[in-house]
Structures are given as structure tokens and as C-alpha cells.
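**Q** fold the stuff below for me.
(3 chains)
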Amino acid sequence: MPELPEVETVRRDLARTIVGKRVVKIDGPASKPLSRMRGLVLVNLRRRGKYLLAKMGDELELIIHLGMSGRLLAAAEVPRTSHVRLVIHLEGGVLLVFVDRRRFGRVTLVTAGDYRSSPTLMRMGPEPLTDAFNRAAFERQIAGARTPIKATLLNQRAVAGIGNIYADETLHRALIHPARRELTSAEVGRLHKSIRTVLAAAVRHRGTSFSLHRDGLLPAGSFGRHLRVFQREGVPCLSCGTSVAKIRLGGRSTYYCPGCQVPTTECNVL
DNA sequence: AGATCGGCCTGGACGC
DNA sequence: TGCGTCCAGGCCGATC
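**A** Have a look, this model is predicted:
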């Protein structure tokens, strides 16, 4: 459940339960490189883009990426699901469990602040819901882009935390075709605004709910009800009534409204 | 240096 | 029913 709103929801749900607790034991197939955490206190739980960062003691940091199918939950006992990758036993009988069916997720223990093991994290752009994400800086980042704007949104360098769902949703609200390359200043302004609006709303709704990350304990995300194009191929656009289209762009399924998001001559994909 | 492609995994949906 | 193929919310490393 990988994009910013979903990861932020996980962070908020877990923080209350696990922050301040000491690691008692670690097991599961992914536990071997993490043995140094034993006895350390989980000092805080932060989020950067789609990554969760848990400070462990004074010097270490646990980097968690949920990949495509990863789930992280606090529980009293190990879930009966298969695909449990890691169980961190905390004091007070709290278990922090990482379940990941497709195993695209990663859990890495590093010296605090040393992100060399993750190029994406090291080069991560500004957090979209903070002041660090301002329009002028965003415009500088994407000025003269040679690649489709959707690919730029997905690569995490211009802005952090956007994946396939929110790339399509923010571009639709900004009336920009996903294959567009160089944007006008007005378009950059609309996109900057829609990124903030859409992600903030999705965080309020606890993200977009998919079957993979319902654990039955915490409320599922409800932003799925507010999606306007993602996975709505053939459905009339809520703004103009045109059927939502599905194309492949940069190897990813891409949904957009051909009525609202009109390509121009500089868009050489269509 | 930056862009593009295949690889990593498993399982569900679909067509024959 | 069974088998094959395609697809899925993301990242990394090897290529050009």
C-alpha cells in the first residue's frame, strides 16, 4: 500500500503504539541483518516520501519500504497469514509485524541518516505537504523536462511520495495530459496546487483502500470514493462526461480524461 | 548525467 | 478443472 497517504496513515496508526518501546526480540525470514536492534528503544517513527524511518536507539535507523504489497501492523500475536517476513517483539507484548506477499518491500537497518543503500531516498524531493514544496522550486525542478510529466512525478526527485494512483489523479485535476513534457507556467501552478490538494485530502481519508491492506483492525482508507480517473476506464469523467481512457506510459497503466486533459503538439506520444 | 528497460516476487483474473 | 498469459499501488541496477 505504497503511496504517501497510505504510508502516512500507517505511520500515524503505529506511532502511538510502538514509539518509546524497547526491542525484545526479532524473528522472521527477514530478521537476520536486524539483530543489532535488540535492546534498543524505538525513539521515533517518521515518514519520508513512501518510506518509513524508525530511529533505533541513538545511532541506528530502520528503513522500511512497503513495496507493492507490504503491510505493517502492531498486534498482540503473529497473524495467521503466510508471507510474514518480520516480527519485532517490543516490550509490553506489542508485536510489530511486516507482512509482504510479493516481497518487493524492504527493511534495512542503517547508521542513522546514511541512506546510501537507497538511491531514491537519498535523492528524494521535498515533502509535498510542507513549505519545502513551493511552486518556484517545483517549477525549477521540472523546467525543460525531456520526459512525460507523469514519469517526472513518479521518480520522486521533484516531489516525494507520489505513485501511480496520485500521479493520475493530480494530473487530471490539473487538466494536464500525462504524456506532456514541457509545461507552461500556468500548468505548473495548477499541478503544484492539485498535488497539495489531492494528497492532503487522501491523507484525511486514510488513503485509497485496496483489498491487500485491510487488516480488519483499523479503518480502511476511503479515498477510493474520490478517485476521478484511476481504474475508471470507460466511466464518464465527472467533469466533462468523456469516457476515461487507459494507456500505457513508461510501463505503467495510466488513466486520464481525453476531454479534460488535451494533448498538444509537443506531446509526441499520441 | 539522465533516461529507459528488465528484473525482482506472488497470486488473482481471464481466455481457451 | 487446468493451464497459460497478463496484470498489479515500486524500486534498483545495468544499459545506452
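**Q** got the contact list for A:Ser185?
**A** A:Glu139 (Cβ atoms under 8 Å, 6 or more residues apart in numbering). C-betas here are computed from N, CA, C, even on glycine.
**Q** now it: how far from A:Ala143?
**A** 9 Å (Cβ to Cβ, to the nearest Å).
**Q** confidence score at whichever residue of chain A sits closest to DNA strand C?
**A** Here the residue of chain A nearest DNA strand C is A:Gly163; by Cβ to the nearest atom of the strand that distance is 2.0 Å. We have a pLDDT of 95 for A:Gly163.
**Q** hang on, it packs against A:Val7?
**A** No: A:Gly163 is beyond contact range of A:Val7, at 9.8 Å (criterion: Cβ atoms under 8 Å).
**Q** looking at the two, which is more packed in?
**A** When neighbours are counted by other Cβ atoms under 10 Å, A:Gly163 and A:Val7 differ, and A:Val7 comes out ahead with 26 against 21.
**Q** just checking, next helix/strand downstream of the helix or strand hosting that one?
**A** For A:Val7, the element it lies in under DSSP states H and E is helix A:4-18. Note on helix A:4-18: by DSSP H and E, the next helix or strand toward the C-terminus is strand A:23-27.
**Q** who does that following strand pair with, and is each partner parallel or antiparallel?
**A** Applying DSSP bridges, strand A:23-27 is found paired with strand A:84-90 (antiparallel).
**Q** near DNA strand B at all, the strand it pairs with?
**A** No: Strand A:84-90 stays clear of DNA strand B (Cβ under 7 Å from any atom of the strand), getting no nearer than 10.9 Å.
**Q** how about residues contacting that strand?
**A** Contacts of strand A:84-90 (Cβ under 8 Å, 6+ apart): A:18, A:21-31, A:34, A:37, A:42, A:78, A:95-100, A:103, A:105, A:107.
**Q** so it versus helix A:4-18, what angle?
**A** 40 degrees (axes from the mean of the first three to the mean of the last three Cα atoms, to 10 degrees).
**Q** which residue does the stretch 101-250 of chain A have closest to DNA strand B?
**A** A:Arg102 (3.4 Å).
**Q** so what's the backbone phi/psi at A:Ser194?
**A** phi -70, psi -30 (degrees, to the nearest 10).
**Q** correct me, but it touches A:Arg173?
**A** Yes: A:Ser194 lies in contact with A:Arg173 (Cβ under 8 Å); the separation is 4.0 Å.
**Q** does the residue of the stretch 101-250 of chain A closest to DNA strand B count as helix, strand or coil?
**A** coil (DSSP: H, G, I helix; E, B strand; the rest coil).
**Q** ditto for the one 5 residues further on
**A** Counting by three-state DSSP, the backbone at A:Val107 sits in strand.
**Q** ok, it - contacts?
**A** Counting by Cβ under 8 Å, 6+ apart, A:Val107 has contacts A:30, A:34, A:62-65, A:85-86, A:98.
**Q** how much space between it and A:Cys237?
**A** A:Val107 is 40 Å from A:Cys237, by Cβ to Cβ.
**Q** cool, and A:Ala137?
**A** In terms of Cβ to Cβ, A:Ala137 sits 31 Å off from A:Cys237.
**Q** higher neighbour count, these two?
**A** Neighbours of A:Ala137 and A:Cys237, each counted by other Cβ under 10 Å, are more numerous for A:Cys237; the result is 20 against 14.
**Q** per-residue pLDDT, that one?
**A** 96.
**Q** show me what from the stretch 51-200 of chain A comes close to DNA strand C.
**A** Counting by Cβ under 7 Å from any atom of the strand, the stretch 51-200 of chain A sits next to DNA strand C at A:65, A:67-68, A:102, A:104, A:118-121, A:154, A:156, A:163-165.
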